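Enquirer: need a 3D model of the sequence below.
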Amino acid sequence: MKPDEFRRVGHEVIDWIADYRERIETFPVLSPVAPGWVRDHLAPLPEQPEHGFDGLLHDLDTVVLPGTTHWQHPSFFAYFPSNASLPSVLGDLLSTGLGVQGMLWATSPAATELEQHLMAELAKAMALPDHFEGVIQDTASSAALVAVLTALHRHGDDWRNKGVRGDEVVYVSGQTHSSLAKATRIVGLGEDNLRSIEVDPDTLAMNADALAAQVARDRADGLRPILVCASIGTTSTGAVDPVEAIADLCAAEDLWLHVDAAWAGPAALLPEHRHLFAGVERADSFGANAHKWLLTAFDLSLYWTAHPDTLVQALTILPEYLRNDATESGAVVDFRDWQVPLGRRFRALKLWAVVRWYGLEGLRQHLRGHIALAEALEAKVEHSRDWLTAAPRSLALLTIRHRDGDQATRDALLRINASGEAYVTHTVVNGHFAIRVAIGSETTEARHVDALWNRLEA
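Expert: Reported below is the predicted structural model:
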């Protein structure tokens with residue numbers, strides 16, 4: 001493809017994306033196709049070049065779109081948002097167009113230094129401590145794995161050469177994201193080395209006293225506690241763990257404290273909600289996803305650590321073919337040592353595009369608007385004869401259940417999702433089936449939330 005061909009076809013692709021976003025509300029939010037439908041409608045790969053995108057765009061319209069669940073739809077209330085704002089789409093295009101591989105400073109100085117600048121500026125805007133140093137991971141799952149690996153290195157006896165001893169213990173709550181369980185498994189520790197601490201039945205936050213008691217029991221049994229994950233905004237209900245109390249324990253017991261704020265983290269941009277982040281300044285690592293609530297196309301996860309040297313020591317491997325003068329000088333950062341994979345995309349460019357387009361104040365308005373919509377929905381639930389909250393509202397996440405019980409709640413969820421007019425998911429709270437309403441799409445307005453409420457009340 002020559003640059004002039006790219007220009008012509010690129011205009012067609014941009015037009016297709018723009019048209020799709022303009023008509024996104026005409027599609028059912030949840031794809032209605034049966035398993036295998038998409039594959040059955042795809043043609044064999046062409047033997048000869050097509051020299052155009054006409055056929056590909058036709059297949060997008062006739063095969064891909066029917067098989068797509070529309071995450072950018074304003075009535076997408078499932079899981080958490082995955083905002084691919086159009087400025088971030090263009091930023092991603094620029095990153096891909098440059099085609100750099102930023103594993104070393106030397107392989108693209110701009111990729112490294114723009115990321116350093118962006119992470120430092122965001123930390124300042126979110127009132128994070130000055131001693132935090134940041135790096136972009138792909139997802140919060142990778143961030144959790146990096147945290148566990150760094151904790152193992154800090155607490156291990158020659159861990160890099162000998163691996164885990166098998167007596168290391170990681171602590172989560174029953175509400176912690178499953179990525180911590182997976183990370184524990186990946187590093188070679190089994191389920192027996194993961195402790196699920198009880199939560200407060202009202203707030204669903206980790207019980208710090210129960211955590212302290214479990215750590216004491218494990219030490220008495222000759223085990224080695226290494227890491228606690230505290231959550232700010234759990235996936236199930238948005239619960240906020242008592243980070244201050246957990247930080248006290250971690251300081252006393254020399255445990256790595258990882259704070260997972262994958263969804264709620266961007267709310268630190270809002271001064272009125274910074275009380276939720278009390279104690280984060282004492283964490284060893286802190287993660288928040290820009291690809292959930294911060295208008296940035298998947299994947300881009302923000303990860304800060306108070307101990308970058310320990311992280312690099314845990315993950316660095318320097319074969320001869322990666323040696324270069326800049327690295328040897330010690331004057332630069334090579335982000336390959338801050339993550340699990342060697343290669344890395346120029347992800348910072350799409351987040352930079354977002355911040356430049358909206359400005360920090362625009363991002364704050366985006367967050368506040370969703371919180372206000374959730375507050376309005378909460379008020380409707382409080383005055384409803386049929387619905388009640390299953391857990392306290394957390395920012396823009398509301399968890400509700402029907403007064404008539406689990407089956408009535410389940411029936412409402414199935415009815416809404418089958419209609420194609422909205423998409424919600426469920427969780428279980430204190431034994432009760434509940435619906436999660438996660439408000440976060442860039443184009444969601446009061447009319448979309450009101451329409452969802454009318455369907456719930458039907």
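Enquirer: show me the contact partners of stretch 167-174.
Expert: Residues outside stretch 167-174 that contact it (Cβ atoms under 8 Å, 6 or more residues apart in numbering): 148, 151-152, 155-156, 180-181, 184, 189, 193-199, 205-207, 211, 214-215, 218, 222-229, 231, 234, 241, 255. Just so you know, the C-beta spots here come from the backbone N, C-alpha and C atoms, and that holds for glycine as well.
Enquirer: same thing but 7 Å
Expert: Contacts with stretch 167-174, where a contact means Cβ atoms under 7 Å, 6 or more residues apart in numbering, come from 148, 152, 155, 180, 184, 189, 193-197, 199, 206, 211, 214, 218, 222-229, 241.
Enquirer: list the buried residues for the helix or strand encompassing Gln214?
Expert: Per DSSP states H and E, Gln214 falls inside helix 208-220. Neighbour counts over helix 208-220 (16 or more other Cβ atoms under 10 Å) mark Ala208, Leu211, Ala212, Gln214, Val215, Asp218 as buried.
Enquirer: not counting sequence-adjacent ones, nearest residue to the first one?
Expert: In space, and not counting its chain neighbours, Ala208 is closest to Ala245: 3.8 Å by Cβ to Cβ, 6 or more residues apart in numbering.
Enquirer: wait, that neighbour touches Met206, no?
Expert: No: using Cβ atoms under 7 Å, Ala245 is not in contact with Met206; the gap is 9.0 Å.
Enquirer: which of those two has more neighbours?
Expert: Met206 (31 against 18; other Cβ atoms under 10 Å).
Enquirer: distance from stretch 183-202 to the middle of the chain?
Expert: Relative to the centre of its chain, stretch 183-202 is centred 20 Å away, using Cα atoms, centre = their mean, to the nearest Å.
Enquirer: now for the worst-scoring helix or strand of the chain on mean pLDDT, which elements pack on it?
Expert: Least confident element among the helices and strands of the chain, by mean pLDDT, DSSP states H and E: helix 159-162 (a mean of 78). In this structure, helix 159-162 makes packing contacts with helix 140-155, judged by 3 or more Cβ pairs under 7 Å, 6 or more residues apart in numbering; DSSP states H and E.
Enquirer: with only the CA atoms kept, save the helix it packs on in CSV.
Expert: The C-alpha atoms that make up helix 140-155 are tabulated as CSV, following Å, rounded to 0.1, in the frame of the first residue of the first chain:
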residue,chain,number,x,y,z
ALA,A,140,-4.8,-4.1,35.5
SER,A,141,-4.2,-7.8,35.4
SER,A,142,-0.7,-7.2,34.2
ALA,A,143,-0.3,-4.6,36.8
ALA,A,144,-1.3,-7.1,39.5
LEU,A,145,1.1,-9.6,38.2
VAL,A,146,4.0,-7.1,38.2
ALA,A,147,3.1,-6.2,41.8
VAL,A,148,3.2,-9.9,42.9
LEU,A,149,6.5,-10.4,41.1
THR,A,150,8.0,-7.3,42.7
ALA,A,151,6.8,-8.4,46.2
LEU,A,152,8.3,-11.9,45.6
HIS,A,153,11.6,-10.3,44.7
ARG,A,154,11.6,-8.1,47.8
HIS,A,155,10.8,-10.9,50.1
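Enquirer: what kind of secondary structure is Gly222 in?
Expert: coil (DSSP: H, G, I helix; E, B strand; the rest coil).
Enquirer: neighbours around it, how many?
Expert: 7.
Enquirer: cool, and the one 3 residues further on?
Expert: The local packing of Pro225 (other Cβ under 10 Å) involves 25 other residues.
Enquirer: and stretch 396-406, what's buried?
Expert: Neighbour counts over stretch 396-406 (16+ other Cβ under 10 Å) mark Ala396, Leu397, Leu398, Thr399, Ile400, Arg401, His402 as buried.
Enquirer: now swap in stretch 152-161 and tell me
Expert: Leu152, His153, Arg154, His155, Gly156, Trp159.
Enquirer: following the longest helix along the chain in sequence, what is the next regular element?
Expert: The helix that spans the most residues within the chain, counting by DSSP state H, is helix 348-382. Sequence order places strand 387-389 as the next helix or strand after helix 348-382, per DSSP H and E.
Enquirer: and the helix or strand just after that next one, how far out from the chain middle?
Expert: Moving toward the C-terminus from strand 387-389, the next helix or strand (DSSP H and E) is strand 397-402. Counting by Cα atoms, centre = their mean, strand 397-402 is centred 21 Å from the centre of its parent chain.
Enquirer: please apply the same query to stretch 393-409.
Expert: Using Cα atoms, centre = their mean, the offset of stretch 393-409 from its chain centre is 23 Å.
Enquirer: which other residues reach that stretch?
Expert: With Cβ under 7 Å, 6+ apart as the criterion, stretch 393-409 contacts 233, 237-240, 264, 267, 370-371, 373-374, 377-378, 381, 386-391, 412, 427, 429, 432-440.
Enquirer: now list the buried members of the residues you listed.
Expert: So, of those, 233, 237-240, 264, 267, 370-371, 373-374, 377, 381, 387, 389-391, 412, 427, 429, 433-440 end up buried under the neighbour-count rule (16+ other Cβ under 10 Å).
Enquirer: which non-adjacent residue is nearest Thr69?
Expert: Thr69's closest residue in space is Ser31 (Cβ to Cβ, 6+ apart), at 4.7 Å.
Enquirer: I'd say that neighbour and Thr68 touch.
Expert: Yes: using Cβ under 7 Å, Ser31 is in contact with Thr68, at 5.7 Å.
Enquirer: rewinding a little: neighbouring contacts of the least confident helix or strand of the chain?
Expert: By Cβ under 7 Å, 6+ apart, helix 159-162 touches Leu152, His153.
Enquirer: that older thread, mind checking the pLDDT average for the helix holding Gln214?
Expert: Mean per-residue pLDDT for helix 208-220: 97.
Enquirer: please apply the same query to stretch 427-447.
Expert: 97.
Enquirer: same deal with stretch 89-99?
Expert: 97.
Enquirer: residues in contact with Arg7?
Expert: Going by Cβ under 7 Å, 6+ apart, the list of residues near Arg7 is empty.
Enquirer: how about it, secondary structure?
Expert: Once three-state DSSP is applied, Arg7 turns out helix.
Enquirer: doesn't Leu377 make contact with Val449?
Expert: Yes: when contacts are counted by Cβ under 7 Å, Val449 is listed as touching Leu377 (5.5 Å).
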